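Peer 1: Generate a structure from the sequence data that follows.
(one chain, ligands or ions: 1)
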Amino acid sequence: MANSPSPESSASGTVTSTSSAVQIRNLNYSFGLGDLTKQVLFDINLDLPRGQIVIMTGPSGSGKTTLLTLIGALRTTHEGSLQVLDQEIVGLSRRRLVSVRRQIGFIFQAHNLFASLTASQNVEMAVELQGQYGTKRSQSVEILSELGLSDRVDYKPDSLSGGQKQRVAIARALVNQPPLILADEPTAALDKKSGRDVVTLMQKLAKEENRTILMVTHDNRILDVADRIINLVDGRLESDDTLDTFVSTHDPKSLDRRMFIM
Ligand SMILES: Nc1ncnc2c1ncn2[C@@H]1O[C@H](COP(=O)(O)OP(=O)(O)OP(=O)(O)O)[C@@H](O)[C@H]1O
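Peer 2: A predicted model of the protein is given here:
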């Protein structure tokens, strides 16, 4: 079962320094009001230490995206404690949530690039949001080059392959050097090689730059990059394991080990 360490601060807006990028205690979440209320997360307790890659799996509808968007400060919530980068966000105003959100890199399956902008301009927009206009081009070219796209910086998305578009989206998520990266099915639209390149890059960031990465995926081929695998079932954290434990304790019919041990 998932660990349930003792709670620390839960006061709204409290800033405390912890070794975890994310610390969740007794978190519940419901959609809707009154008779239409539907609880989708139940008593979640979870730590994401700095520098770790954690993969979140679970059946469709188990609450993975909801949890990811709560951690990403994309939703307001009122029950339990959710500390993100030393900021308690339960009960935080929408305005304060935005400032937490600015410190997080988001990578989604649908890469949401602007078709009328070049790869570099798509990345530059993220730099502008941080108010850094003078360096936006150089920062963008640097990160795109690190991602193997130095010869594609001035191409528009329509002229890029699926894997290249996803790497532009990753460049956009990483250009401001966020300490926390949240990824929802980042490899779902990619072929095997592009998917592997993307997760190898994430692994490098976590290990060499101490970034924390939480990745939702159904892609068994990439489970091996995880320090831990958490499994959400019906809104509850059913397990929190290393890869080996996860493989040995989950139904072999639903997981083909050969698919993700590279
Ligand atoms: N905006 C919403 N309003 C009401 N219910 C919602 C809303 N968004 C999600 N839900 C419900 O919350 C539950 C959890 O949904 P969620 O998208 O978090 O699951 P998931 O594990 O990410 O699923 P999938 O793997 O299919 O993406 C589901 O029952 C879903 O129908």
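Peer 1: which residue ranges form the helices in this structure?
Peer 2: Taking DSSP state H as the test, the helices found in the chain are 64-71, 94-101, 119-129, 136-146, 162-174, 192-209, 243-249, 257-260.
Peer 1: What is the neighbour count of Asp158?
Peer 2: 9 (other Cβ atoms under 10 Å). From N, CA and C alone the C-beta is placed, and that goes for glycine too.
Peer 1: cool, Thr242 as well?
Peer 2: 12.
Peer 1: residue contacts, the closest residue to it other than its chain neighbours?
Peer 2: Ranked by Cβ to Cβ, 6 or more residues apart in numbering and with sequence neighbours excluded, the top spatial neighbour of Thr242 is Arg228, at 6.3 Å. Counting by Cβ atoms under 8 Å, 6 or more residues apart in numbering, Arg228 touches 52, 54-55, 240-242.
Peer 1: Those residues, buried ones only, as a PyMOL selection?
Peer 2: Per 16 or more other Cβ atoms under 10 Å, the buried members of the contacts of Arg228 correspond to this PyMOL selection:
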select buried, resi 52+54+55+240+241
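Peer 1: Closest to the ligand out of the contacts of Arg228?
Peer 2: Ile55 (13.2 Å; Cβ to the nearest ligand atom).
Peer 1: how close does Glu155 get to the ligand?
Peer 2: You called it Glu, but residue 155 is Tyr. 31 Å (Cβ to the nearest ligand atom, to the nearest Å).
Peer 1: number of nearby residues for the closest residue to that residue other than its chain neighbours?
Peer 2: Closest residue in space to Tyr155, ignoring its immediate chain neighbours: Ala119 at 5.6 Å, by Cβ to Cβ, 6+ apart. Number of residues near Ala119 (other Cβ under 10 Å) recorded here: 28.
Peer 1: ok, His218 touching Pro186?
Peer 2: No. Counting by Cβ atoms under 8 Å, Pro186 is not a contact partner of His218; they are 11.6 Å apart.
Peer 1: Mind checking which of the two has more residues around it?
Peer 2: A count of neighbours by other Cβ under 10 Å puts Pro186 above the other of His218 and Pro186, at 27 against 12.
Peer 1: Isn't the more buried one up against Ile107?
Peer 2: Yes. Applying Cβ under 8 Å, one finds Pro186 in contact with Ile107, separated by 4.8 Å.
Peer 1: Please enumerate the shared neighbours of these two.
Peer 2: Ile170.
Peer 1: Distance from the chain centre to stretch 231-241, please.
Peer 2: 17 Å (Cα atoms, centre = their mean, to the nearest Å).
Peer 1: go on, stretch 32-50?
Peer 2: Distance, stretch centre to chain centre, for stretch 32-50: 17 Å (Cα atoms, centre = their mean).
Peer 1: Now for the residue nearest to Asp43 when sequence neighbours are not counted, how many residues are close by?
Peer 2: In space, and not counting its chain neighbours, Asp43 is closest to Asn26: 5.6 Å by Cβ to Cβ, 6+ apart. The number of residues packed near Asn26 is 16, by other Cβ under 10 Å.
Peer 1: cool, and Tyr133?
Peer 2: 10.
Peer 1: residues touching it, list them.
Peer 2: Val127.
Peer 1: per-residue confidence at it?
Peer 2: pLDDT recorded at Tyr133 is 77.
Peer 1: same thing with the one 3 residues further on?
Peer 2: As predicted, Lys136 sits at a pLDDT of 92.
Peer 1: which residues in the stretch 1-150 of the chain form strands?
Peer 2: Taking DSSP state E, counting those that start in this stretch as the test, the strands found in the stretch 1-150 of the chain are 20-31, 38-49, 53-57, 81-84, 87-88, 104-108.
Peer 1: Sweet, I'm off.
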